[in-house]
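K.L.:
here are the coordinates; sequence isn't available:
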């Protein structure tokens with residue numbers, strides 16, 4: 001493989017990730033058609049690799065693309081950035097199910113394990129307080145020759161006291177816990193857990209007018225556009241603080257797939273929480289197992305995934321549009337080189 005660009009003659013660089021093809025800092029590949037290009041970092045032109053050097057490299061690129069955490073796909077082109085700075089451009093249908101399950105499964109599992117550790121520590125502390133502290137205080141309640149009657153029941157009483165603390169902590173987590181502090185201009189609003197049920201998300205399928213109405217300690221604030229997407233991600237991650245099992249993550253991924261893509265799910269989720277209800281709706285939501293933003297636990301997981309994907313898509317969509325235009329030109333040239341100029345026996 002040549003090491004300089006065919007168009008501008010600058011160096012194509014090198015990488016240590018794709019062992020069968022160590023040339024280039026940005027590789028583009030199409031596994032279905034067997035194409036592999038090195039994209040020049042200087043002139044952005046696509047250099048088609050020799051036919052005999054592609055196959056192992058394409059397989060390695062596919063594995064690396066699936067394994068990375070930082071990637072985004074739109075239509076039939078995807079962009080991934082690997083840890084060492086190597087960029088992979090994948091031509092073909094997006095890999096949302098594998099991507100979401102791989103990327104978010106570990107993330108939600110970590111939250112879940114952390115919750116179990118904290119809960120176990122709390123239960124242990126309550127047990128120690130009820131069993132050890134209660135009896136330890138009993139001798140102190142003896143004043144000289146006068147002793148308080150019903151000392152045998154003191155341990156039971158002291159065991160109840162920690163439970164009162166646990167209930168108070170639960171009420172704080174459910175109602176008054178600060179979920180997020182969101183900035184809008186110079187103003188910062190404090191959103192608590194009790195406010196999440198009334199949050200309103202509006203996200204049309206064309207993605208042009210996303211808005212988020214958020215209640216907080218001093219009233220309501222509305223966010224729009226990219227700021228609304230970011231605020232939704234902050235709020236919904238607070239609602240998903242307990243994490244989830246891999247099975248629930250797969251269910252959430254399937255909901256995104258059923259909606260077509262991340263933006264489609266945002267649009268569907270927004271239609272389920274657009275009414276500022278009262279006591280009757282709250283009771284109905286409890287009966288249906290709905291929580292923050294009037295969504296089920298699985299829907300909240302899917303919403304967090306969709307928000308993050310939509311944020312990355314918006315951040316990278318300009319670059320993807322440029323890449324897609326460049327790919328179409330490169331593909332036309334590659335088809336001529338591979339199909340018309342290659343001897344049939346060699347191609348086979």
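P.N.:
The structure has been received and is ready for your questions. This one's a predicted model, so the numbers in the text were calculated from it and none came from an experiment.
K.L.:
where exactly do the strands run in the stretch 201-348 of the chain?
P.N.:
For the stretch 201-348 of the chain, the strands defined by DSSP state E, counting those that start in this stretch cover 211-216, 219-224.
K.L.:
Count residues in the vicinity of the nearest residue to residue 269 once chain neighbours are set aside, would you?
P.N.:
Of all residues not flanking residue 269 in the chain, residue 303 sits nearest, at 5.1 Å (CB to CB, 6 or more residues apart in numbering). Every residue, glycine included, has its C-beta placed from N, CA and C. Look at residue 303: counted by other CB atoms under 10 Å, it has 32 neighbours.
K.L.:
Contact partners for residue 303?
P.N.:
When contacts are counted by CB atoms under 8 Å, 6 or more residues apart in numbering, residue 303 touches 232, 236, 265, 266, 269, 293, 295.
K.L.:
shaky segments in this structure?
P.N.:
The chain contains residues with pLDDT under 70 at 1, 69-71, 73-75, 95-107, 115-174, 207-208, 273-291, 315-319, 339-348.
K.L.:
mind checking the longest helix of it?
P.N.:
Looking across the chain with DSSP state H, the single longest helix is helix 297-335.
K.L.:
Mind listing what's buried along it?
P.N.:
297-314, 316, 320, 323, 326-327, 330-331, 334 (16 or more other CB atoms under 10 Å).
K.L.:
Same question for stretch 229-237.
P.N.:
229, 230, 231, 232, 233, 235, 236, 237.
K.L.:
What is the burial count for residue 261?
P.N.:
Residue 261 has 20 neighbours, counted by other CB under 10 Å.
K.L.:
separation between residue 199 and residue 330?
P.N.:
According to CB to CB, to the nearest Å, residue 199 and residue 330 sit 45 Å apart.
K.L.:
what does residue 66 give?
P.N.:
Taking CB to CB, one finds residue 66 at 23 Å from residue 330.
K.L.:
what do you get for residue 185?
P.N.:
For residue 185, the distance to residue 330 - CB to CB - is 44 Å.
K.L.:
Just the residues contacting stretch 78-95, thanks.
P.N.:
In contact with stretch 78-95 (CB under 8 Å, 6+ apart) are residues 15-18, 25-33, 35, 39, 61-62, 64-66, 68, 70-77, 261, 316, 319-320, 323, 327, 331.
K.L.:
and these, which are buried?
P.N.:
For the contacts of stretch 78-95, buried by 16+ other CB under 10 Å: 15, 17-18, 25-31, 35, 39, 61-62, 64-65, 68, 71-74, 77, 261, 316, 320, 323, 327, 331.
K.L.:
domain assignment for the chain?
P.N.:
Domain assignment for the chain by automatic domain parsing gives 26-98+313-347, 99-310.
K.L.:
Provide the secondary structure category for residue 181.
P.N.:
strand (DSSP: H, G, I helix; E, B strand; the rest coil).
K.L.:
Looking at the contacts of residue 303, which is nearest residue 114?
P.N.:
residue 236 (17.7 Å; CB to CB).
K.L.:
contacting residues for the closest residue to the closest one other than its chain neighbours?
P.N.:
For residue 236, ignoring the flanking residues on the chain, the nearest one in space by CB to CB, 6+ apart is residue 304 at 4.7 Å. By CB under 8 Å, 6+ apart, the residues touching residue 304 are 104, 233, 236, 237, 240.
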